[in-house]
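Chemist: can't give you the sequence, but here's the structure:
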């Protein structure tokens, strides 16, 4: 599990921003993996495609399918008949079984086997199966390219060495030197057509011991190749002697963003969708910044705003001294006060939570004033440790998502300043129209609302005036 998003802040970013486009172009040519199915070295797009950012991107022609995925830790039962999403372990295996040519993975760190962390536990088996499956795919000449953080916490993991020995290409991206943080993104691009993105690292605990949420998108080359461009920003920065360009070459640019979302039918429902990224230094032209995506979804809410994140701090976390950063906190309050939106915030607590978070949560809860039409509720989600105490950095709700009546946002970042200013992350924003006549699948925002309300009403969600067990959470109410 990752307990931090990135050591110190933006000084590295500011120091690097004077570099030019020629260096980035050189890195693109010298630093890309061998071309597979999708455009690793796409041709530059005509300038006219950037002259107007209004309207919408061209409709997609694929038969896109979007499936929500989740991991529920062992021994975390819900009531019979509760809503659920597809198992993440199953979704990852299905993606691997689908792969024909290439798999590109961005992940903070890798730890897919129990011995990586000195643990002998049967719950590590799904991760070990995944690692074996990847080795089999490499033996069948399916290429695997991995971008990971050079300052990853899994120091004893041999996963990437094993995969590299079987032919995988691995780059350790020095994000701390380049932008001041870490590579905290978590996504896959398979054959330039299929995508996974969400809160889960490449860690066996993310499959059986940590609560995660994400999405898989199948048969959607437009979105997959757009997310591939974000992967390529990491890839070139992982090349030897890489520097951060002042301006990214245009073949990194996106024409799918919050002003021009992809439009088409996903699961038979009319859908708009786009990917966002952070920090700003890793957003080439046309890419919506992750913070802007979050704020836009908040501003669009008119009925409810439900947020599930591991950490919530209106400050920096990894710079000293800490700096006040009320951007998201102000937006939550503005939604409740100015838009009359019912706000629910579900944050996580485990044995590694920084207890200084709770005064901020109490302040937000105190903002609620039902008589004035201001509705803000805050709860803490606690995964019981039970008989799993021998597994370190587990038993926590690691999800990072938001849902309104209009849109679903699924991200990879916790909510504090560093995640948006100096740490790499991605987000997915989706809106689906409900079917008008014949019965059909509910829109993704409705599915996500149901999952949130399941968690909110469960016995694992505790109000701020409740009491908790110190063996499961540092906060005791």
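Modeler: Looks like it came in fine. Everything numeric in this text was worked out from a predicted model, so none of it was measured. Residues are numbered from 1 along each chain as shown.

Chemist: just for the stretch 351-477 of the chain, where's the confidence low?
Modeler: Within the stretch 351-477 of the chain, the segments meeting pLDDT under 70 span 438, 467-469, 476-477.

Chemist: just for this protein, where's the confidence low?
Modeler: Checking the chain against pLDDT under 70 turns up 1-62, 154, 438, 467-469, 476-477.

Chemist: nearest residue to the middle of it?
Modeler: residue 412 (2.2 Å; CA atoms, centre = their mean).

Chemist: so what's the residue nearest to that residue when sequence neighbours are not counted up against?
Modeler: Leaving out its chain neighbours, the residue that sits closest to residue 412 by CB to CB, 6 or more residues apart in numbering is residue 425, at 4.4 Å. (Each C-beta comes from the backbone N, C-alpha and C, glycine too.) Neighbour list for residue 425: 184-185, 277-278, 290, 411-413, 419 [criterion: CB atoms under 8 Å, 6 or more residues apart in numbering].

Chemist: any idea what residue 425 is bridged to?
Modeler: residue 278 (DSSP bridges).

Chemist: for residue 294, phi and psi?
Modeler: phi -60, psi -50 (degrees, to the nearest 10).

Chemist: for it, give its distance to residue 364.
Modeler: Taking CB to CB, to the nearest Å as the measure, residue 294 falls 16 Å from residue 364.

Chemist: swap in residue 310?
Modeler: Relative to residue 364, and taking CB to CB, residue 310 is found at 16 Å.

Chemist: repeat that for residue 470.
Modeler: Distance of residue 470 to residue 364, computed by CB to CB: 24 Å.

Chemist: for residue 203, same thing?
Modeler: Residue 203 is 30 Å from residue 364, where distance means CB to CB.

Chemist: and for residue 244?
Modeler: Following CB to CB, the distance that separates residue 244 from residue 364 is 35 Å.

Chemist: for this structure, which helix is longest?
Modeler: What stands out as the longest helix in the chain, according to DSSP state H, is helix 221-237.

Chemist: just the helices in the stretch 1-150 of the chain please.
Modeler: Applying DSSP state H, counting those that start in this stretch to the stretch 1-150 of the chain gives helices spanning 11-16, 21-31, 88-98, 125-139.

Chemist: tell me if I'm right that residue 213 and residue 84 touch.
Modeler: No - using CB atoms under 8 Å, residue 213 makes no contact with residue 84, being 11.3 Å away.

Chemist: which one's more surrounded, these two?
Modeler: Taking neighbours as other CB atoms under 10 Å, residue 213 and residue 84 compare with residue 213 leading, 25 against 14.

Chemist: OK, contacts around that one?
Modeler: Each residue near residue 213 by CB under 8 Å, 6+ apart is listed here: 68-70, 85, 198-199, 308, 399-401, 410, 451.

Chemist: how much space separates it from residue 141?
Modeler: To residue 141, residue 213 is 33 Å away according to CB to CB.

Chemist: the contacts of residue 425 in strands, which ones?
Modeler: In this view, the contacts of residue 425 that belong to strands under DSSP state E are 277-278, 411.

Chemist: closest to residue 106 out of those?
Modeler: Within the ones in strands among the contacts of residue 425, distances to residue 106 taken as CB to CB reach their minimum at residue 277, with 10.7 Å.

Chemist: which residues touch the closest one?
Modeler: 230, 233, 283, 287-290, 424-427.

Chemist: how about these in CSV, adding distance to residue 474?
Modeler: Shown next, in CSV, are the contacts of residue 277 (distance: CB to CB, whole Å):
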residue, distance to residue 474
230, 34
233, 36
283, 35
287, 37
288, 35
289, 32
290, 28
424, 28
425, 25
426, 29
427, 28
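
Chemist: of these, which is the most crowded?
Modeler: When neighbours are taken as other CB under 10 Å, the top entry among these is residue 424 (32 neighbours).

Chemist: against residue 435, how distant is that residue?
Modeler: Distance, residue 424 to residue 435, by CB to CB: 37 Å.

Chemist: thought residue 464 was touching residue 380?
Modeler: Yes - at 7.0 Å, residue 464 and residue 380 qualify as touching, with contact defined as CB under 8 Å.

Chemist: show me which of the two is the more surrounded one.
Modeler: For residue 464 and residue 380, the more surrounded residue by other CB under 10 Å is residue 380, and the numbers stand at 24 against 17.

Chemist: sec struct for that one, please.
Modeler: strand (DSSP: H, G, I helix; E, B strand; the rest coil).

Chemist: so what's it up against?
Modeler: So residue 380 contacts 346-349, 361, 461-464, 466, 468, 473, 475 (CB under 8 Å, 6+ apart).

Chemist: in the sheet, who's paired with it?
Modeler: Assigned bridge partners for residue 380, using DSSP bridges, are residue 347, residue 462.

Chemist: before we move on, the earlier item: now intersect the contacts of residue 213 with the strands, please.
Modeler: Counting by DSSP E, the part of these found in strands is 68-70, 198, 308, 401, 410.

Chemist: among these, which two are most distant?
Modeler: 69 and 308 (14.6 Å).

Chemist: comparing those two, which residue is more hemmed in?
Modeler: For residue 69 versus residue 308, the count of surrounding residues by other CB under 10 Å is larger for residue 308: 27 against 23.
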